[in-house]
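Trainee: need coordinates for the following:
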Amino acid sequence: MSQNKSSRLYLQALGLFLALHAGMAPEPSVAAVLDCTVSRVLDGDTIDCDKPKGRYRIRLRSIDAPEKSQPWGRASGKNLRRHIQGQKVRIDIRGTDRYGRYLGTIYLRGININGLQVREGMAWAYRRHLDSPQYLDWEEKARSEKRGLWQDPHPVYPSDYRRMKRGTP
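Mentor: Down below sits the predicted model:
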């Protein structure tokens, strides 16, 4: 590895470490692991997680849960809350979104909670931002077994729902 690349990686890692410990958002291209306690579940794909030095807003990667005003929206949030509220979790952070939320995959005792939401029919695999094709397999299995939102004969993908609410095609 060249000295230049090594120095750049060191500075990225140092910046991420300082950002996480100061409560600031890391650079989107940098990855990190965050151990924290889930203090609030906002909906089926967004949580707040606390550490002694601050609160972190996390958007679950690779999934898109129904909006609260959509059918299954409240059930999705309730399901996520049931699994992780108040729990110590490990989050694999992979950048931030346009709202400044960390993008992460949540693990509770080794279980991929993002994937669990999909497997239980409480979220779609987020096709625009998919980390693994396994999410599509989990979604297809939940759909074929009519779990959660797949009980609805015509579930509406959340981004389509948001577009309809805004009145844009």
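Trainee: what strand or helix carries Cys36?
Mentor: strand 31-43 (DSSP states H and E).
Trainee: what about Pro66, how many neighbours?
Mentor: Neighbours of Pro66 under the rule other CB atoms under 10 Å: 27. Glycine gets a C-beta too; all of them are placed from N, C-alpha and C.
Trainee: which ones are touching the nearest residue to it once chain neighbours are set aside?
Mentor: Among residues not flanking Pro66 along the chain, Gly73 sits closest, at 4.1 Å (CB to CB, 6 or more residues apart in numbering). Gly73 makes contact with Asp43, Gly44, Ala65, Pro66, Glu67 under the criterion CB atoms under 8 Å, 6 or more residues apart in numbering.
Trainee: wait, the second one touches Gln70, no?
Mentor: No. Taking CB atoms under 8 Å as the contact criterion, Gly44 and Gln70 are not neighbours in contact, 9.8 Å apart.
Trainee: quick revisit: contact partners of the strand holding Cys36?
Mentor: Taking CB under 8 Å, 6+ apart as the rule, strand 31-43 contacts 16-17, 20, 26, 47-51, 55-56, 65, 67-68, 73, 76-77, 80-81, 84-95, 102, 104.
Trainee: buried among these? Make that a PyMOL selection.
Mentor: In PyMOL, a selection of the buried entries from these looks like this (16 or more other CB atoms under 10 Å):
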select buried, resi 16+20+26+47+48+49+56+65+67+73+76+77+80+81+84+89+91+92+93+94+95+102+104
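Trainee: among the contacts of strand 31-43, which lie within strands?
Mentor: Applying DSSP state E to those, the entries found in strands are 47-51, 55-56, 88-95, 102, 104.
Trainee: spatially central, which residue of this protein would that be?
Mentor: Leu60 (0.2 Å; CA atoms, centre = their mean).
Trainee: beta partners for that one?
Mentor: The partner list for Leu60 in beta bridges (DSSP bridges) reads Gly104.
Trainee: which residues touch it?
Mentor: Asp45, Thr46, Ile47, Gly104, Thr105, Ile106, Ile113, Asn114, Gln117, Ala123.
Trainee: hmm, which two among those residues are most spread apart?
Mentor: Gly104 and Ala123 (14.6 Å; CB to CB).
Trainee: which stretches of this structure have low pLDDT?
Mentor: 1-30, 169 (pLDDT under 70).
Trainee: in it, which spans are helices?
Mentor: Along the chain, the stretches classed as helices by DSSP state H are 3-22, 73-84, 113-119, 134-144, 158-166.
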